[in-house]
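Peer 1: Dropping a prediction and its sequence here:
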Amino acid sequence: MFNDSNKKQIEGRRRFDFYLHLLFVAATSLAVLVLLVLIIDIVIQGAHMLKPHFFTNFPSRNPHEAGLLSAIVGTAYFVLIMAPLSFILGVGAAIYLEEYARKNKLRSFIQLNISTLAGIPSIVYGILGLALFVRGLGIEQLALGRSVLAGALTMTLLVLPIIIVAAQEAIRAVPGTLRNASFALGATKWQTVQRTVLPSAIPGILTGIILALSRAIGETAPLVMIGALTFVNFLPNDVFDQFTVIPIQIFNWVSRPQQAFHDLAAAGIIVLLTLLILMNISAVLLRNKYQRKG
Amino acid sequence: MSTLIDIAKLNLFYGSFHALKDVTLPIQEKSITAFIGPSGCGKSTLLRTLNRMNDMIPDVRIEGSMKISGIELYSSEVDVETLRKKVGMVFQQPNPFPKSIYDNIAYGPRIHGITNKSQLDEIVEKSLRDAVLWDEVKDFLKRSAFSLSGGQQQRLCIARALAVNPDILLMDEATSALDPISTLKIEELAQELRKKYTIVMVTHNMHQAARISNTTCFFLSGELVEYAETEQLFSSPSDKRTEDYITGRFG
């Protein structure tokens, strides 16, 4: 019964399968390889700069005394302002679009706009932030100046569409049968959202927020646009002070001619990458933890 | 026995689709009424008008009258939240919340404002006893509802519906996702619950309707063809279409 097989044709199919297998492995390796080369190069260049004073000193003209303190504090301010704001606004908008809004043309229009916003280059957000927050649209009382708050609000706008889309996906993944069960017991919409939809969706939402924030803390372009300082040897007293953040500081060091500053930049990149990897790991852990519970 | 639900000249449209046509049907209290008919005949749609679950579907239009205890359901004097408290529903697929067994049962009472722990404990125990699930789960109420078997999950869903103290229980093909033994348990449970509750069920399974219901209603293409005492409908249907359906000539 196995005599009718065409050995040659099968061999050809298998060879084709094998080559494609190789191609896919190569594609994956390339991505991993690039990251590895990047990390190794950076570590070789910057590891010797990672001394305790690097974390406690302000930037300096002397590269061997220069540190990242003001940038680290600036980034921390950013996260503290962005996280709650983008959570409330992003999840609020997602709840409205998924649970309350009627599925009509207006909603599709809003949806299209949000998806488009998520793909707009960050420099454009920088210009928006400059006009809206730094200059307050020309109204002096509303102008925040080149402050931490103006920067963080600009970044919040930048990540908001990403968070809305992520939260929407998480909310949409909650089975409709659970909503029906809740409504059939006499729950209102908000009770259903609060007690059934959000508890199931929150891991996905938090994962989306962490990933969006990790993108935001690595962004440079919009902050250059709104005028983050590059040489800050003080800590912001409040959110209306001027600031710098890690990627801006790296940008500044890279643009100097001396090799020692380039090494400093590499050290800064190590700090930034570590931060990003930690955030990504926490997002994965969070997702796994809740998935097992479900 | 008296009439609890009174449906008169009810028409329902999904957009331009006429899903229920001039349905007039009195439903007796403390009995089991079964809706049978082929897929798409409107039996589930009618069931869902009884707790206004159709409200959430856009473009639904309802004409005619539907009263429970003499009160018009689709009038402004009825709060849909209160209606759904009085008219519980069990769905086709067991749909427990991803919470503990206890929290599943307490969900309804909690949304209606009961926060007292001992009162909730009491409701949970009583509801689980009424759904004949208490002895199986009493030692692990804190466990996830997903740890239960499909049949147990469905009885949990029944207990959850009972926890808000309804008068009417709607069962939308509640056994179609279950194995025969679990189905039998749900059927026995329904027989028991009939003493206290008015049960309206949709079933794909004619034998089930014949086994446990008091009244059977046969639907076809949105029309209520015939309703009668179950025994009578299955032994001597008055409409030719009913006879064709129950003898398996179509459907």
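Peer 2: Received, thanks. Residues are numbered from 1 along each chain as shown, chains lettered A, B, ... in the order given.

Peer 1: Run a quick neighbour tally on residue 17.
Peer 2: If you meant another chain, say so; for now it's chain A. Neighbours of A:Asp17 under the rule other Cβ atoms under 10 Å in any protein chain shown: 10. C-betas here are computed from N, CA, C, even on glycine.

Peer 1: actually chain B
Peer 2: By other Cβ under 10 Å, the residues close to B:Phe17 number 9.

Peer 1: Up against chain B, what does chain A have?
Peer 2: Residues of chain A lying close to chain B by Cβ under 8 Å from any Cβ of the partner chain are A:102-103, A:175, A:177-178, A:180-188, A:191, A:195-196, A:199-200, A:293-294.

Peer 1: just the buried members of these?
Peer 2: Among the residues of chain A next to chain B, those scoring as buried are A:178, A:180-187, A:191, A:195-196, A:199-200 (criterion: 16 or more other Cβ atoms under 10 Å in any protein chain shown).

Peer 1: farthest-separated two in those?
Peer 2: Spatial extent of those (Cβ to Cβ) is set by the pair A:Gly186 and A:Ser200 at 19.9 Å.

Peer 1: where does chain A have low pLDDT?
Peer 2: A:1, A:229-230, A:291-294 (pLDDT under 70).

Peer 1: Try it again at 50.
Peer 2: Applying pLDDT under 50 to chain A picks out residues A:294.

Peer 1: in the stretch 151-251 of chain B, which spans are strands?
Peer 2: Here the stretch 151-251 of chain B has its strands, by DSSP state E, counting those that start in this stretch, at B:168-172, B:198-202, B:215-220, B:223-229.

Peer 1: among the ones you listed, which is nearest chain A?
Peer 2: Evaluated with Cβ to the nearest Cβ, those place strand B:168-172 nearest to chain A, the distance being 8.3 Å.

Peer 1: got a list of contacts for the closest one?
Peer 2: Contacts with strand B:168-172, where a contact means Cβ atoms under 8 Å, 6 or more residues apart in numbering or on different chains, come from B:4-5, B:44, B:47-48, B:50-51, B:68, B:86-92, B:158, B:161-162, B:190, B:193, B:197-202.

Peer 1: ok, now with 6 Å
Peer 2: For strand B:168-172, contacts defined as Cβ atoms under 6 Å, 6 or more residues apart in numbering or on different chains pick out B:44, B:47, B:50, B:87-92, B:197-202.

Peer 1: Any figure for the gap between the residue nearest the centre of chain B and B:Leu178?
Peer 2: Nearest to the mean C-alpha position of chain B, counting by Cα atoms, centre = their mean, stands B:Leu170 at 1.3 Å. Taking Cβ to Cβ, to the nearest Å as the measure, B:Leu170 and B:Leu178 are separated by 17 Å.

Peer 1: Phi first, then psi, for the closest residue to B:Ile57 other than its chain neighbours.
Peer 2: Distances taken as Cβ to Cβ, 6 or more residues apart in numbering or on different chains place B:Tyr14 nearest to B:Ile57, at 7.1 Å, with adjacent residues excluded. B:Tyr14 adopts backbone torsions of phi -100, psi 100, taken as degrees, to the nearest 10.

Peer 1: pLDDT score assigned to B:Tyr14?
Peer 2: At B:Tyr14, the model reports a pLDDT of 92.

Peer 1: how much space between it and chain A?
Peer 2: 15 Å (Cβ to the nearest Cβ, to the nearest Å).

Peer 1: thinking again about what came up before, would TSV of the strands of the stretch 151-251 of chain B with mean pLDDT and distance to B:Asn104 be doable?
Peer 2: Output for the strands of the stretch 151-251 of chain B, formatted as TSV (pLDDT from 0 to 100; distance: least, Cβ to Cβ, whole Å):
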stretch	mean pLDDT	distance to B:Asn104
strand B:168-172	95	17
strand B:198-202	95	21
strand B:215-220	94	31
strand B:223-229	93	34
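
Peer 1: With distance to A:Leu85 added, can I get those in TSV?
Peer 2: Listed next are the strands of the stretch 151-251 of chain B as TSV, based on distance: least, Cβ to Cβ, whole Å:
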stretch	distance to A:Leu85
strand B:168-172	43
strand B:198-202	48
strand B:215-220	54
strand B:223-229	56
